[in-house]
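>>> Sharing a sequence plus its predicted fold:
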Amino acid sequence: MTVSTNESFVVYVASGSQDEFTFDFVFNETSDIKVYLDGSFLQETGFSVTANQDNQGGTVKLVVTPVADTNVRIVRETPYTQEMDYPPYGPFPAESHEGALDKLTMLVQQARDGIEEILATGFVNTGEWEPNTAYKTMNVTIYGGDYYTAKENFVSGQTFDPTNWNLVLDFSSVYDLAAQAAQSEANARESELNAKESETNAAVSEQNAAQSEASSAVSENNAANCSAAALGYADRAEAAADEAENTVSSGIRTDAIAQDYFTATDGQTTFTLSEPVAADNAVAIWMNSRKLRLTEDYTISGQNLVLNAGAAAGDEIDVMNFNLSILVVP
């Protein structure tokens with residue numbers, strides 16, 4: 001057998017005509033099934049139990065049909081005993097062992113449901129002891145704003161006398177303290193998490209600051225290198241200028257670049273330069289401010305410039321001839 005359900009009781013509200021009530025929780029003996037009507041224990045002579053296969057639930061039939069709106073509670077109350085015996089060196093009793101485990105599971109469910117019932121329904125505000133019928137010795141009730149646990153020798157209906165109760169508890173204060181403790185713990189955890197987050201953020205900020213400082217140092221070093229390079233270039237440029245000035249003063253002619261300007265006639269293709277070109281790539285030619293390309297637009301040799309296509313009347317041809325052949329060095 002297994003314990004496949006999670007409950008140990010079921011509650012019905014009688015219709016006034018119903019006398020049979022089913023339940024689906026497992027049990028060991030039919031004597032373990034108890035019935036309470038509106039909280040009052042019903043003697044075993046007042047009902048019968050028909051078990052399903054393998055005691056997986058069953059049906060309770062009441063001798064007297066309860067009136068409408070009666071609270072019918074069917075409870076499994078497993079005895080708190082252990083009757084399993086393992087003989088030394090005998091074969092392992094698997095089925096009996098499983099039955100013992102089933103009983104332990106039922107007892108755990110029974111204890112859990114009892115505690116939940118006490119917390120949920122064990123408080124009454126009548127000034128009299130009205131015991132929780134399923135767990136009589138653990139009943140808790142209210143008297144004068146305080147909570148008391150009843151002694152076993154008191155009976156239902158007896159007037160409260162605070163001097164005859166063995167425990168005084170203010171459960172509202174207990175609940176408040178428990179809630180405050182839980183909230184304090186939650187606040188402490190949150191503060192701890194916030195502290196760790198702040199510590200992490202500080203470490204990240206410190207790392208970012210170090211990276212920024214390193215980047216600044218690199219930038220400063222690059223700037224210094226650029227400045228040194230600029231000074232070097234300036235020095236070299238100045239030296240080159242001095243050398244050029246010295247060279248010109250030594251005899252280089254200032255008319256080393258020859259420029260020619262032409263206004264074309266309609267269909268004109270050939271133009272004569274004032275100086276021969278030193279090389280075909282030592283000349284720059286524009287037509288109407290558009291730079292012409294060697295081979296694609298023109299050919300040149302000596303002093304002859306020949307356009308591939310005839311110019312239109314009025315086209316302006318500008319020629320800059322870097323004529324190195326007229327450099328004169330004394």
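Nice, I can see it. Note that the coordinates shown come from a computational prediction; the quantities given were computed from them, not determined experimentally. Numbering: from 1, shown residues only.
>>> for the stretch 51-200 of the chain, which spans come out with low pLDDT?
Residues of the stretch 51-200 of the chain meeting the criterion pLDDT under 70: 116-179, 181.
>>> got the domain boundaries for the chain?
The record's domain split for the chain, according to automatic domain parsing, is 1-120, 257-326.
>>> And those domains: which comes nearest residue 189?
Proximity of the domains of the chain to residue 189 was assessed by C-beta to C-beta; the nearest stretch is domain 1-120, lying at 26.0 Å. Just so you know, the C-beta spots here come from the backbone N, C-alpha and C atoms, and that holds for glycine as well.
>>> how far does that closest one sit from the chain's center?
In terms of C-alpha atoms, centre = their mean, to the nearest Å, the centre of domain 1-120 is set 46 Å apart from its chain centre.
>>> what about the domains of the chain, which gets the closest to residue 227?
Taking C-beta to C-beta as the criterion, domain 257-326 is the member of the domains of the chain that comes nearest to residue 227, at 34.9 Å.
>>> What mean pLDDT does the closest one get?
pLDDT averaged over domain 257-326 equals 87, rounded to a whole number.
>>> And for stretch 1-19?
The average pLDDT for stretch 1-19 rounds to 87.
>>> now stretch 204-213
Across stretch 204-213, the per-residue pLDDT values average to 86.
>>> so where do the helices sit in the protein?
The residue ranges that make up the helices of the chain, judged by DSSP state H, are 94-121, 171-249.
>>> how about the domains of the chain, which one is nearest residue 210?
Among the domains of the chain, domain 257-326 comes nearest to residue 210, with 54.3 Å by C-beta to C-beta.
>>> quick check, distance from the closest one to the centre of its chain.
Domain 257-326 has its C-alpha centroid displaced from the chain centroid by 74 Å (C-alpha atoms, centre = their mean).
>>> Identify the residue nearest residue 6 in space, chain neighbours excluded?
Nearest-residue entry for residue 6: residue 109, 7.0 Å, with adjacent residues in sequence omitted and distances by C-beta to C-beta, 6 or more residues apart in numbering.
>>> Number of residues surrounding that neighbour?
Taking other C-beta atoms under 10 Å as the criterion, the count of residues near residue 109 is 20.
>>> Please apply the same query to the one 5 residues further on.
Applying the criterion other C-beta under 10 Å, we find 19 residues in the vicinity of residue 114.
>>> And it, how far from residue 2?
Using C-beta to C-beta, to the nearest Å, we find residue 114 at a distance of 23 Å from residue 2.
>>> Sweet, I'm off.
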